[in-house]
Every structure is written in C-alpha cells, then in structure tokens.
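S.K.: Dropping a prediction and its sequence here:
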2 protein chains.
Amino acid sequence: MSFLDHIRACNNGDLSVQTRFCVAGENIGWVGPEIAETLLMQFDCFSREADAIVLTGAANTVEERSALMADVAAELSRLGVVDGLRDELFPAMRNWGEEPRFLIDRVAVPPFGLRAWGIHLNGYVRKADGLHLWIGRRASGKSTYPDLLDNTVAGGQPFNLTLRENLIKECGEEASITPAMAAQAVPVGCITYVREEKGRIKPDVMFCYDLEMPENFTPVNTDGELAGFYLLPAGEVMEIIRTTEEFKFNCNLVLIDFFIRHGLLTPDDEPDYTELCEGMRKGHAAS
Amino acid sequence: MSFLDHIRACNNGDLSVQTRFCVAGENIGWVGPEIAETLLMQFDCFSREADAIVLTGAANTVEERSALMADVAAELSRLGVVDGLRDELFPAMRNWGEEPRFLIDRVAVPPFGLRAWGIHLNGYVRKADGLHLWIGRRASGKSTYPDLLDNTVAGGQPFNLTLRENLIKECGEEASITPAMAAQAVPVGCITYVREEKGRIKPDVMFCYDLEMPENFTPVNTDGELAGFYLLPAGEVMEIIRTTEEFKFNCNLVLIDFFIRHGLLTPDDEPDYTELCEGMRKGHAAS
C-alpha cells in the first residue's frame, strides 16, 4: 500500500462501459448497461439519444421531475433493482448549492450515477508532542464496511439541511459533540472521486471539516453506528493509512488531506505529493 | 470577476493545437506549431513520431540528455527563439521528487511546455478581529507583471535546492524573514494549472506554505522585486480577489486556497466551492 493506492481505489471506475444520464441537456450521471436497458424497457420517460439516456421533456420543472422520479424510484424498488425506499430525498445536481434538476429517494441515487454529498470531520487534539486524531471504529453490525476505522464524524448530506446544520446533527448523534463545540469546526475544502461499485458509478463529494478539541473531551457514540473511539498520534494514523486498508476506503483521503494541510506530509519527503494533491479532486467525471 | 474566473484564467490553453513532447516514451511537455517546426528543421535529435515530437534515443541518460539540451538551449537562444541563457538549471519531469529526464536552462523551459515549479508563501497575522494577510506589491521595474499585488513570498524552484531550502532563501531575499522564522512555515499543499502564454504551454505547480507571523514583525524587501508590503484583513483581500485583477494571475489561486483551508470561504455560502477546490488541481495535462 501507499497513500496514492487509496486514491486509486476511490477512482476505480471504467466510464467507457457506462452511458451518460442527461437531464435538460446536462450530463448529471451515469447508468450501467443493465440499468439502461431497464429504464428504456420499463419507463416511457427515458429515451436513448446519441450516446446518452435522457429524461424526456414531459417533465420540465424540478417539481414535475421529482414527482416523476418518485414513481421511478418506487418502481425500481418493486422490481428489485434497488432496496426499499428510505424516504430521504437527495438532490440531483452537479455542484452543491445550485438548483437541483430533481429530488430523488436516497436509495435510487446509485443506479443513476448521480453525485452524492457527504460531510467528514477530523477531530484532533494539539498536545505537547504533536497532533492526535480521534478515530472511530465502525460497529460490527453496520451493513456497510463493518469494523473498519472511520473519521471522527461522517454522514451523508440530505437536501433539506445546510452542510453546517447536518454537521451539527451528525456531531451530536455520532460523537456527543455539543452544538457549541461543533460550531467551532472549520470547513477546509472538499474531496471528490469517481468510484465504481457493482457496476454503478458513484461520483462522490466529501466536504471536510477540522475540529480542534480540548484534551479533556472524549467523543461518545449515541446512535450505535460506531463501536468506539481511539485518540491516536497523527504519525500512527499516517502509518496505518500508508500500510493498511484498516480504514473505510474514502476516509483515507480525508485523513491524507488533513496530513497535507497540517504539514505532516511534505513535498520534500513524499514523492507522490503532487499526485496526491491532484488525485483527491478528480471532479465529476460527467461532462 | 468571480473567484472561479481566476482559475479559468490560469487554465486558458488550447492543447488541440499543441504537439506532445516525449522523452523515453513519456509525454513530459508540449510544443506549439512554430517551435515544432524549428526543432525538426534545426536539430537532428528531434523527430516526429505519430502525434508527438520525440527526443531521439541517441541520448539515454540524464547526463547525456542534459548535455544535448544544453546545446539545444544555446542554439535556440542564438536563433532568437528564447532570450539569453540564465545559467539556472530546471528539471524536466512530471512530478516533483522523481528522477528528471534532463536538466535544462530555465529560459528554455517554456518552448517545450515543461512543468515548472515554484513556491508561494502566505504570511498571516492572527489578530483579535480575525486573520490579516501580508500582501506584496511588485516593483514597477519588474519585467513581468509590474505593479501587481503578490503573495508575501514567491519564487521559482531551481533544481539544486530542496523546496524548504529555497523557501528559506526566498523568505530572506524577498521579505527579510529570518531562517528561524521561515522554518516555522507549514507546507499546506500544491496548486497546479495549465496556462498558455503566447502559444506556449505552461503546466505550473505552486507549492504553498502558510506562515503565522507575530504582530510586531514587518516584512522588508531586500532584492528590489517588491515595492512594499501591506497588512490587510483577510476579508479585504478576498474582496480584492473576487472583484478585481489587481493580483498577479496565479497568486489569486494561492489566496483562494488559503481562504478555503482557513474556513473563510465556506461550502454553504460559496456556490462555486466544489469547482474551486477541483479547479486548483488541474494536473499536468500531458498524458
């Protein structure tokens, strides 16, 4: 393993076997061959135009498209293409803060290869012997990536909250961080990658936050998602990341970015430095 | 103007009218139509293969290639394609820290579209009312970008120094920052862009450093490159950058990156946030 390997693992997709998914003339996602066939066979609202699957013009407003996609999501669930609806709406859009093309149930985001948004927070303590990081361990019972190491706080970003509101909510649920303490978190950038999982493209965006914590604070999980927390010297976390796959795949990048921003990984000592900086912002893939 | 416009200005090149420049099977630069013709006409050591201009295999080691390129640089200077030699060697390579393909006089870097390396430092002061930044004003007599605003310290990166050594040297020359103070500077990432100037491609890398300075320190220029320094509230610097072209074009990006890393530009308030984070690491362009 190397730091760069984690970035490669997050950008493993082969877009040449995917079809562009376009709405109102804009490429906002990707569909694999099976999904493309299902969409064209089962629904009147999708058609193939040139090399893209297109949501046809019958629905022209956000509300109309969202109503249509609610039916599509329900039917995809009935057909077994996706699991049961989660009743949590995600926005289909290329950049955070813009008008969504439509809202769609969270479970139906992956088949359309839509960009998904999340927040990740690194809680750290400045000690006499250097920076220490609060690292979470995911619960054994979690459906995704059980037992792996994780950032201090992380979560998906629903449509109806600001990033800051969601951060405060997740800080409370995942780590018993009070709203007053969470308000001290500093937004420090975002990381983007284009991953493939089971033939589905996930162009994800992680908004990153740093939170300096007092030495006498210990995070406590309340929602059962984490088995516990460890306070580790930053150098030890670097070594775990550089040499193992103990962390959930995308959490590695949030920590590598932390190491770079805090001068723990330096361009004189790390030959992959330039590629690391560039590799953590691979963009949207859709064009 | 917007923050994003500065990133676009740094990535203005049209690579479709350029030819790849390849050494030992690797695309390490770009040459425009005129340079390509000159190289093929005037020198035996270049040939056209497929869609690339190739340094032929007669020179197989770094030393052999560097000797050859020294002759090429001298002849290009004699032909008036470049100005007089500067006797400062730059490495031809894709990533900092790797073995260079060859060394070449600094003046001959642009015609080959080689990646060029530099260091940029933001000196800042943490006051009760927020962060302030030390901003330089380039001298009127400077041959490039006279009178424009600049980062606290910036300079090209020669081959025979580490980045840290060069930073300490430039800190002394440009701002009278002592080696002891310069040693406190934190490397915080790099910014890459692919710019075209007069038909020549410049794929530049800027290694960025933050240096927190005491309130009682005032930088003083000693090498005549700067007319002076101003200590400005970060909000005021943001407004200058968002609305004007007062800064030298690439210094804007170093400051936008500073604003993002320090939480002064936030994803809830800046609709271009994701594009800004991605746009400042556009990569090498060569493939």
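M.R.: Looks like it arrived, so ask away. Bear in mind the structure is a predicted one, so any value in this text is a computation, not a measurement. Numbering: from 1, shown residues only, chains lettered A, B, ... in the order given.
S.K.: looking at it, A:Lys202 is touching A:Ala116, isn't it?
M.R.: Yes - the pair formed by A:Lys202 and A:Ala116 meets the contact definition of Cβ atoms under 8 Å, at 6.4 Å. From N, CA and C alone the C-beta is placed, and that goes for glycine too.
S.K.: what sits in contact with each of the two?
M.R.: Taking Cβ atoms under 8 Å, 6 or more residues apart in numbering or on different chains as the contact criterion, the residues that touch both A:Lys202 and A:Ala116 are A:Pro110.
S.K.: If you count surrounding residues, which of the two has more?
M.R.: In this comparison of A:Lys202 against A:Ala116, neighbours counted by other Cβ atoms under 10 Å in any protein chain shown, the higher total goes to A:Lys202 at 20 against 17.
S.K.: who's in contact with that one?
M.R.: With contacts defined as Cβ under 8 Å, 6+ apart, the neighbours of A:Lys202 are A:Pro110, A:Gly113, A:Ala116, A:Val194, A:Arg195, A:Glu196.
S.K.: So for the one helix or strand it maps to, mean pLDDT?
M.R.: Here A:Lys202 sits within strand A:200-212, counting by DSSP states H and E. Computed over strand A:200-212, the mean pLDDT rounds to 96.
S.K.: buried residues in it?
M.R.: Buried positions in strand A:200-212, judged by neighbour count with 16 or more other Cβ atoms under 10 Å in any protein chain shown: A:Arg200, A:Ile201, A:Lys202, A:Pro203, A:Asp204, A:Val205, A:Met206, A:Phe207, A:Cys208, A:Tyr209, A:Asp210, A:Leu211.
S.K.: Quick check: the first one touching A:Pro111?
M.R.: If I follow you right, that is A:Arg200. Yes - the pair A:Arg200 and A:Pro111 passes the contact test of Cβ under 8 Å, sitting 6.1 Å apart.
S.K.: Need the overlap of contacts for the two.
M.R.: Listed contacts common to A:Arg200 and A:Pro111 are A:Gly32, A:Ile35; contacts here mean Cβ under 8 Å, 6+ apart.
S.K.: And A:Pro100, how close does it get to chain B?
M.R.: 13 Å (Cβ to the nearest Cβ, to the nearest Å).
S.K.: How about the stretch 1-150 of chain A: which residue is closest to chain B?
M.R.: Residue nearest to chain B within the stretch 1-150 of chain A: A:Gly97 (3.9 Å; Cβ to the nearest Cβ).
S.K.: Please settle this for me: is that residue part of a helix?
M.R.: No - counting by DSSP: H, G, I helix; E, B strand; the rest coil, A:Gly97 is located in no helix; its state is coil.
S.K.: excluding its backbone neighbours, what's nearest it?
M.R.: What sits nearest to A:Gly97 in space, not counting adjacent residues and going by Cβ to Cβ, 6 or more residues apart in numbering or on different chains, is B:Pro271, at 3.9 Å.
S.K.: helix/strand/coil for A:Arg94?
M.R.: Assigned state for A:Arg94: coil (three-state reduction, three-state DSSP).
S.K.: right, and it touches A:Pro100 too?
M.R.: No - A:Arg94 lies out of contact with A:Pro100 (Cβ under 8 Å); the separation is 9.8 Å.
S.K.: Common neighbours of those two, please.
M.R.: Residues touching both A:Arg94 and A:Pro100 by Cβ under 8 Å, 6+ apart: none at all.
S.K.: give the contact list for the residue nearest to A:Gly97.
M.R.: Residues in contact with B:Pro271 (Cβ under 8 Å, 6+ apart) are A:Asn95, A:Trp96, A:Gly97, A:Glu98.
S.K.: For the stretch 101-250 of chain A, what lies in contact range of chain B?
M.R.: By Cβ under 8 Å from any Cβ of the partner chain, the part of the stretch 101-250 of chain A that sits against chain B consists of A:Thr162, A:Leu163, A:Arg164, A:Val186, A:Pro187, A:Val188, A:Gly189, A:Cys190, A:Ile191, A:Thr192, A:Val205, A:Phe207.
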